[in-house]
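Undergrad: Coordinates for the following, if possible.
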Amino acid sequence: MAERKAWSDKSAEIMSRPGAGAAYEAARIRFELGETVRRRREELGLTQAELAERAGLEQPAVDRFEAGGTMPTIPMLERLAEALELRLSVQLQPLSRAG
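TA: As a prediction, the model looks like this:
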């Protein structure tokens, strides 16, 4: 029977694979964007269907976005921001050596 690895060892093994860091970062961005949209939608008391209508989307697209399942385009972010009564601000920042 194979010896079980600790999660930290398994995680380090996975993250050492080529492209794993970029895939992890893309997933993090999708999750954070989706969480931000969901929180703002709830602050405004909107359902996913209502947000979808305001943004010119279908409700399943809003659901996937909030769950972190899609990487949005800038035009889609603009539509969501306007529907959520927000201004979209995109910034490029230097990478931190500590991160």
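Undergrad: wouldn't Glu58 be in contact with Gln48 here?
TA: No. Using Cβ atoms under 8 Å, Glu58 is not in contact with Gln48, being 9.7 Å away. No exception for glycine: its C-beta is placed from N, CA and C like everyone else's.
Undergrad: More neighbours: these two, which one.
TA: Set Glu58 next to Gln48 and count neighbours by other Cβ atoms under 10 Å: Gln48 wins out with 19 against 13.
Undergrad: count of residues packed around Arg41?
TA: Residues near Arg41, counting by other Cβ under 10 Å: 20.
Undergrad: before we move on, what SS does it have?
TA: helix (DSSP: H, G, I helix; E, B strand; the rest coil).
Undergrad: For it, give me its contacts.
TA: Gln48, Leu51, Val62, Glu66, Leu84 (Cβ atoms under 8 Å, 6 or more residues apart in numbering).
Undergrad: again, but for Thr70
TA: Residues near Thr70 by Cβ under 8 Å, 6+ apart: Arg30, Ala61, Arg64.
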